[in-house]
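**Q** 3D, please:
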Amino acid sequence: MEEKEFKAIQDEYPDEFAWCYGCGRLNEKGHHFRTGWHGENTRTIYRPLPEHMAIPGFVYGGLIASLIDCHGTGSAALALHRKNGHEVGDGTEPPRFVTASLNVEFVKPTPKDVALMAVGTIHEIHPKKWRIETEVFANDTVCARGEVVAVLMPSTFISKG
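**A** Residues are numbered from 1 along each chain as shown. Here you go, the predicted model:
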């Protein structure tokens with residue numbers, strides 16, 4: 001399971017929106033989550049670092065919530081980008097989303113020394129609003145489930161610089 005195997009939507013975000021602690025490629029201290037298509041679903045793969053420990057051997061819940069959050073907004077961007085007739089890497093700037101709501105259910109303790117895979121199912125609920133259901137796997141075991149409602153980033157977030 002290698003996270004560099006697919007084209008990720010976060011690789012296409014313009015520099016001014018690539019600073020998120022979870023998925024921003026320009027945040028050198030961030031997680032650098034990357035979300036791409038995997039069939040009709042979306043996927044993010046991440047290997048927790050030693051400092052992401054809750055108790056010895058297990059990942060802390062905040063990392064899982066962050067993974068579901070960024071996976072959700074990235075998935076919404078992928079879906080609307082495709083709906084608009086584009087694909088990652090075609091040279092067209094993708095839409096950018098922010099989180100309207102985040103809901104996380106911790107199903108099983110998440111082991112620390114394995115790669116995690118978030119798999120998303122996308123549901124359009126409004127032209128500017130998407131709901132993404134995500135399952136987080138450690139090996140073949142579902143450790144968490146979550147739901148993100150993502151909305152198009154308001155124009156007020158764009159710097160008038």
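
**Q** ok, which stretches of the protein are helices?
**A** Using DSSP state H, the helices of the chain run over 61-83.

**Q** low pLDDT regions in it?
**A** 1-5, 158-161 (pLDDT under 70).

**Q** how many neighbours does E147 have?
**A** When neighbours are counted by other CB atoms under 10 Å, E147 registers 18. No exception for glycine: its C-beta is placed from N, CA and C like everyone else's.

**Q** so it touches R131, yeah?
**A** Yes - here E147 lies in contact with R131, judged by CB atoms under 8 Å, at a distance of 6.4 Å.

**Q** surely I68 meets V148?
**A** Yes - counting by CB under 8 Å, I68 does reach V148; the two are 6.5 Å apart.

**Q** which of those two has more residues huddled nearby?
**A** Legend: neighbour count by other CB under 10 Å for I68 and V148, higher for I68 (29 against 26).

**Q** the residue lying closest to the more buried one once chain neighbours are set aside and T110, how far apart?
**A** Closest residue in space to I68, ignoring its immediate chain neighbours: G146 at 3.5 Å, by CB to CB, 6 or more residues apart in numbering. G146 is 13 Å from T110, where distance means CB to CB, to the nearest Å.

**Q** what sits in contact with each of the two?
**A** Counting by CB atoms under 8 Å, 6 or more residues apart in numbering, the common neighbours of G146 and T110 are 64, 136.

**Q** check contacts around the closest residue in space to M153 that isn't next to it in sequence.
**A** Leaving aside its chain neighbours, M153 sits nearest to R96 (4.3 Å; criterion: CB to CB, 6+ apart). Contact analysis of R96 by CB under 8 Å, 6+ apart lists 13, 17, 77, 152-153.

**Q** report the contact partners of the spatially most central residue of the chain.
**A** What sits nearest the mean C-alpha location of the chain, by CA atoms, centre = their mean, is H71, with 1.5 Å. Going by CB under 8 Å, 6+ apart, H71 touches 33, 35, 42, 44, 118, 120, 132, 134, 148.

**Q** try 10 Å
**A** 22-23, 33-35, 42-44, 46, 117-120, 132, 134, 136, 146, 148 (CB atoms under 10 Å, 6 or more residues apart in numbering).

**Q** mutual contacts of E147 and R131, please.
**A** With CB under 10 Å, 6+ apart, E147 and R131 have common neighbours 72, 101, 121, 123.

**Q** do you know how far the third one is from P14?
**A** What that stands for is T121. Distance from T121 to P14, by CB to CB: 27 Å.

**Q** more neighbours: which of the two?
**A** Remark: of T121 and P14, T121 carries more neighbours, 14 against 10, as counted by other CB under 10 Å.
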